[in-house]
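Asks: Only the shape, not the letters, is given here:
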């Protein structure tokens, strides 16, 4: 359950001004709101209250000017458009009032006042059809408990904590499907995915035919990478609406998540025949082409997406992330203009920043390149909730719990299956190269970065995790040998969907280095390979990479350095308590002596040497990581010393890494 913070002094003052407004003390309210706006110029509520009280004092031009200022700072705040609609009603300008109210309800469907005003305006203008639609929306909102309507409105305007307080208080005394669904959407937005999943399951038990809740459930399942289950739920939805493009798009995303890229490509092409102007679909199709090595088709898809929507940052970053694409001067000028536009969406902006960083890097203009990489990291970090202390606490507790005697007392626990080969380390460390080498072997299946270990950990952690004293890893001491066997069997069952018929398969989730103790207990015969890269090169490579999701520690010099040091601490611990359990491969050594290290890796995995492993770049398989194009070339040496081009700006990184610069070779 999320923690709810007490009201701040600014929130208390906003509440006081609202009370003045409700008491028709508009002059006092306006003066107080203007004073608050002087103190906190970016505060959304202060500007809104200024405009609302200006209108009530019949200062309509001033109110419209305030609302224009509010829109520039908070363009997705629905109440500003409702207030603008009221202003135009006062001016008897029906077309502008309709436009304003419509913009409000498009952002916030729970704006009952706006729907009522739209019904009235449509009847005045003789538009019977739209008046009836607005009346239906008003009626639907009136049938809901007022607490849910209020919470829905707050949710749409981004006030998640206030909406959550209302919903949790309401659910103490009532079980309402819409309250459960709305609370799940709040938890989903906060990325508390396990709780969102449980809330939606509860909602669907109450209302199995509620398609909107089932659709929300599918989104959560996909974000939890439960693609098989998601496809089952999508089939249920498609049985009701066979041609629904949103459902088909989610089905394609689930296919891609399962590595069924040809099925996904067919679905995306089917969708684009209906929706050729969808930039998002073009990018998704490009990702599938990239994963199966069709670089030309991927490039064309990304270029079409950029042409369809010139401000779409993801299209340009996807081109940059091919690693082999070179932007033209015209493309760079277009990206710079879109990134600098005052109304640019923050998500588009940081995608454009990372793309521009790569564009200037390819032109050897490193100062300009670093400026954009740094800005992109700053923008991305601003939306992140990453706290390095959580990882460091987990590391400290892994070391405290998982001692040599702890493992000795549990010898023989776990499932006996030898099939999995775990490749762990930091992102951008060379793990995709080792995966490709192993997947070129006739006995080994290359899959992808599987979420299953993390899912097992989340299940142990529970919903009400204490950040300072989490249940995991301490809960490991409470489990019996039989529990570890069941966990190992569950892992083998759940990963079957990603496999073919080869006896061994790869799980390349890099963050699994944090859970080697758990892996050792539940799958004692699995192989574990740690890929390590020189810290300056590895950390810099992460700083210039924009990840699709996760890896939030990579958007700060301080965070990536702390994470790298924590990684070294934990790997040193595993080496001490389960010696020989993990094979260490250093990326620089692999580049210098590919065949020698390949033989060493294969021997560790109990596999005979095969020449195909040396010619790994000829292996045709899907690769979804940022290195997908690099591992389709002979050994990639260019990345060894790229960071030196940025050395003037990486002094803080060197200082933060400290002795990690030496001890990474331990």
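Replies: Yep, that arrived. Owing to the predicted nature of the structure, the values given are computational and were not obtained by experimental measurement.

Asks: confidence score at residue 630?
Replies: On the pLDDT scale, residue 630 is placed at 50.

Asks: Tell me which helix or strand residue 583 sits in.
Replies: Residue 583 belongs to strand 582-586 when assigned by DSSP states H and E.

Asks: Give me the buried positions along the next helix or strand along the chain from that strand.
Replies: Counting by DSSP H and E, the element after strand 582-586 in chain order, helix or strand, is helix 587-592. By neighbour count on 16 or more other Cβ atoms under 10 Å, the buried set for helix 587-592 is 587, 589-591. No exception for glycine: its C-beta is placed from N, CA and C like everyone else's.

Asks: same deal with stretch 189-208?
Replies: Buried, per 16+ other Cβ under 10 Å, within stretch 189-208: 192-197, 199-200, 202-204, 207.

Asks: can you check stretch 534-545 too?
Replies: Within stretch 534-545, the residues that qualify as buried by neighbour count (16+ other Cβ under 10 Å) are 534-545.

Asks: cool, and stretch 284-300?
Replies: Judged by neighbour count using 16+ other Cβ under 10 Å, the buried positions of stretch 284-300 are 284-295, 297-299.

Asks: Give me the average confidence score over that stretch.
Replies: Stretch 284-300 shows a mean pLDDT of 95 in the predicted model.

Asks: Return the distance of that stretch from the chain's centre.
Replies: On the basis of Cα atoms, centre = their mean, to the nearest Å, the separation between the geometric centre of stretch 284-300 and that of its chain is 21 Å.

Asks: A strand includes residue 422, no?
Replies: Yes. Going by DSSP: H, G, I helix; E, B strand; the rest coil, the assignment for residue 422 places it inside a strand.

Asks: Let me know whether it touches residue 522 as I believe.
Replies: No. Contact between residue 422 and residue 522 fails when scored by Cβ atoms under 8 Å: they sit 11.5 Å apart.

Asks: Please say which of those two ends up with more neighbours.
Replies: Counted by other Cβ atoms under 10 Å, residue 422 and residue 522 do not tie: residue 522 has more neighbours, with 27 against 23.

Asks: Could you pull out the helices in the stretch 51-200 of the chain for me?
Replies: Here the stretch 51-200 of the chain has its helices, by DSSP state H, counting those that start in this stretch, at 60-73, 78-90, 94-107, 112-124, 128-143, 146-156, 160-171, 177-189, 193-206.

Asks: repeat for the stretch 251-400 of the chain
Replies: In order along the chain, the stretch 251-400 of the chain carries the following helices (DSSP H, counting those that start in this stretch): 261-274, 279-291, 295-308, 313-320, 329-340, 346-362, 366-382, 388-401.

Asks: contacting residues around the residue nearest to residue 394 when sequence neighbours are not counted?
Replies: On the basis of Cβ to Cβ, 6 or more residues apart in numbering, the spatially nearest residue to residue 394 that is not a chain neighbour turns out to be residue 514, at 6.4 Å. When the contact criterion is Cβ atoms under 8 Å, 6 or more residues apart in numbering, the partners of residue 514 are 391, 394-395, 398, 570.

Asks: For residue 514, give me the pLDDT.
Replies: 95.

Asks: Can you report phi and psi for it?
Replies: When quoted as degrees, to the nearest 10, the phi and psi of residue 514 stand at phi -70, psi -10.

Asks: ditto for residue 310
Replies: Listed backbone geometry of residue 310 is phi -60, psi -20, with angles given as degrees, to the nearest 10.

Asks: Quick check, it in contact with residue 339.
Replies: No. Counting by Cβ under 8 Å, residue 310 sits too far from residue 339 to count as a contact (11.5 Å).

Asks: Tabulate the buried residues of stretch 534-545 in JSON lines, adding columns for secondary structure and distance to residue 655.
Replies: As requested, these are arranged in JSON lines below (DSSP: H, G, I helix; E, B strand; the rest coil; distance: Cβ to Cβ, whole Å):
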{"residue": "534", "secondary structure": "coil", "distance to residue 655": "16"}
{"residue": "535", "secondary structure": "helix", "distance to residue 655": "12"}
{"residue": "536", "secondary structure": "helix", "distance to residue 655": "11"}
{"residue": "537", "secondary structure": "helix", "distance to residue 655": "17"}
{"residue": "538", "secondary structure": "helix", "distance to residue 655": "16"}
{"residue": "539", "secondary structure": "helix", "distance to residue 655": "12"}
{"residue": "540", "secondary structure": "helix", "distance to residue 655": "14"}
{"residue": "541", "secondary structure": "helix", "distance to residue 655": "19"}
{"residue": "542", "secondary structure": "helix", "distance to residue 655": "17"}
{"residue": "543", "secondary structure": "helix", "distance to residue 655": "15"}
{"residue": "544", "secondary structure": "coil", "distance to residue 655": "19"}
{"residue": "545", "secondary structure": "coil", "distance to residue 655": "22"}
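
Asks: Which single one of the residues you listed is nearest to residue 317?
Replies: For residue 317, the closest of the buried residues of stretch 534-545 turns out to be residue 545, at 10.2 Å, with distances computed as Cβ to Cβ.

Asks: Can you classify residue 447 as helix, strand or coil?
Replies: strand.

Asks: State the distance from it to residue 369.
Replies: According to Cβ to Cβ, to the nearest Å, residue 447 stands 34 Å off from residue 369.

Asks: Over to the closest residue to residue 490 other than its chain neighbours. Which of the three states is it?
Replies: With sequence-adjacent residues excluded and distances taken as Cβ to Cβ, 6+ apart, residue 490 is closest to residue 456, at 7.1 Å. Here residue 456 takes the helix state, with states given by three-state DSSP.

Asks: what about residue 509, how many neighbours?
Replies: Using other Cβ under 10 Å, the number of residues around residue 509 comes to 20.

Asks: May I have the residues that are in contact with it?
Replies: Taking Cβ under 8 Å, 6+ apart as the criterion, residue 509 is in contact with 422, 424, 449-451, 453-454.
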